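*Asks:* Predicted model and sequence follow; I will ask about them next.
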Amino acid sequence: MTISTQPQSKSKKGSPAAPPRASSQRLWEIDTLRGMAVITMIIYHLGWDLYFFGAVEGLDPFHGIWFIIQRYTAISFVLLAGLSLTLKRAALERKQVPASKQFVSFLRQGLWVFMWGMVISLIMRVTGVGVVHFGVLHLIGFSIIAAFPFLRFKWLNLALWVLLFVLGGVILRQQIYVGTLWLVWLGFYPMFYSAADYFPLIPWFGVVLLGVFFGNLLYPAGRRAFLLPDWSNAAPVRGVRFLGRHSLPIYLLHQPVLFALLYLLGIARF
């Protein structure tokens, strides 16, 4: 759900996409995948809203197909966030930007996304809809900065993902609880802790690093390591790409819009 600088390939009509040639270009398949996650996000949150307002009897957004949609959406956003970081670094490398200035760019972007996470936390607290201490925007904002030293590596990131995945499973299965909220961001929380949006570093930072791994594997130096037909101008793809290019503002605005529509339909009650 980040807004990042990604190169996109241009290809001759009817031929596989050629490697990108300019840092201002974007890879159409990445925007499309992110756009698909935007669509499933809106579908899931609509289901959650209907559950929240008791509008559909028996609707359970925490199990079954709804759980699958939620997990697909979350993993897609976080994985693509990590992958996009490698594309941004490659673009800066091609411009011969020094490492120190590269870090400043990542720092600014990370703080910007993290700030919006804090805005979401404040809105949730004020409206009383739920609690968000460390949600997906907090995670991505933090990870944009914290992942910077790992962007040059490939297999190390895969190993770190495995490690954080295993640690997350241990915390969950062993029911390791703490008596403070100050470690919630890390992955440790009090008993009976509940949050509307929760993406702790253990294990979710590992998913970001897994995205970095795939970025360096599939797009070394920011260029495709595989052939891909150019479907970027197909009508359905253009629409989905648009959603992917504007994922952050859509994320910030879609719930107020859904609430407003449900209110106008007489479903939402405040």
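*Replies:* Looks like it arrived, so ask away.
*Asks:* Return the set of buried residues in the helix or strand encompassing P249.
*Replies:* Here P249 sits within helix 247-264, counting by DSSP states H and E. Under the neighbour-count criterion of 16 or more other Cβ atoms under 10 Å, helix 247-264 has S247, L248, I250, Y251, Q255, L258, F259, L262 buried. All C-beta atoms are positioned from the backbone trio N, CA, C, and that covers glycine.
*Asks:* Please apply the same query to stretch 190-200.
*Replies:* A195, D197, Y198, F199, P200.
*Asks:* and which of the residues you listed is nearest to G215?
*Replies:* F199 (19.5 Å; Cβ to Cβ).
*Asks:* Not counting sequence-adjacent ones, nearest residue to the closest one?
*Replies:* L139 (4.0 Å; Cβ to Cβ, 6 or more residues apart in numbering).
*Asks:* same thing with L151?
*Replies:* R89 (4.8 Å).
*Asks:* Per-residue pLDDT of that neighbour, please?
*Replies:* Here the pLDDT value assigned to R89 is 97.
*Asks:* Please name every helix or strand in contact with the helix or strand containing it.
*Replies:* R89 is part of helix 64-94, with elements assigned from DSSP H and E. If you count contacts as 3 or more Cβ pairs under 8 Å, 6 or more residues apart in numbering; DSSP states H and E, helix 64-94 packs onto helix 28-52, helix 99-127, helix 136-146, helix 201-218.
*Asks:* mind checking how far the residue most central in space within the chain is from D230?
*Replies:* Residue closest to the average C-alpha location in the chain (Cα atoms, centre = their mean): F77, at 2.7 Å. Applying Cβ to Cβ, to the nearest Å, one obtains 25 Å for the distance of F77 from D230.
*Asks:* for I43, same thing?
*Replies:* Look at I43 and D230: by Cβ to Cβ, they are 28 Å apart.
*Asks:* Which one's more surrounded, these two?
*Replies:* Neighbour totals were compared for I43 and D230, and D230 leads with 19 against 14 (other Cβ atoms under 10 Å).
*Asks:* which residues does the closest residue to V38 other than its chain neighbours contact?
*Replies:* Closest residue to V38 apart from its sequence neighbours, by Cβ to Cβ, 6+ apart: L243 at 4.3 Å. Residues near L243 by Cβ atoms under 8 Å, 6 or more residues apart in numbering: R34, G35, V38, I39, I250.
*Asks:* tell me the secondary structure for L243?
*Replies:* helix (DSSP: H, G, I helix; E, B strand; the rest coil).
*Asks:* residues in contact with the closest residue to L80 other than its chain neighbours?
*Replies:* In this structure, L80 finds its nearest non-sequential neighbour in R34, 5.3 Å apart by Cβ to Cβ, 6+ apart. By Cβ under 8 Å, 6+ apart, the contact list for R34 reads M1, S76, F77, L80, L243, G244, S247.
*Asks:* Dump these into JSON lines; add distance to W112 and pLDDT as well.
*Replies:* Shown next, in JSON lines, are the contacts of R34 (distance: Cβ to Cβ, whole Å; pLDDT from 0 to 100):
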{"residue": "M1", "distance to W112": "12", "pLDDT": "41"}
{"residue": "S76", "distance to W112": "21", "pLDDT": "98"}
{"residue": "F77", "distance to W112": "16", "pLDDT": "97"}
{"residue": "L80", "distance to W112": "17", "pLDDT": "98"}
{"residue": "L243", "distance to W112": "20", "pLDDT": "97"}
{"residue": "G244", "distance to W112": "18", "pLDDT": "97"}
{"residue": "S247", "distance to W112": "14", "pLDDT": "96"}
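*Asks:* which one among those gets closest to L167?
*Replies:* Checking those against L167 by Cβ to Cβ gives F77 as the nearest, at 21.4 Å.
*Asks:* For that closest one, give its distance to R34.
*Replies:* For F77 relative to R34 (Cβ to Cβ), the value is 7 Å.
*Asks:* That concludes my questions; thank you for your assistance.
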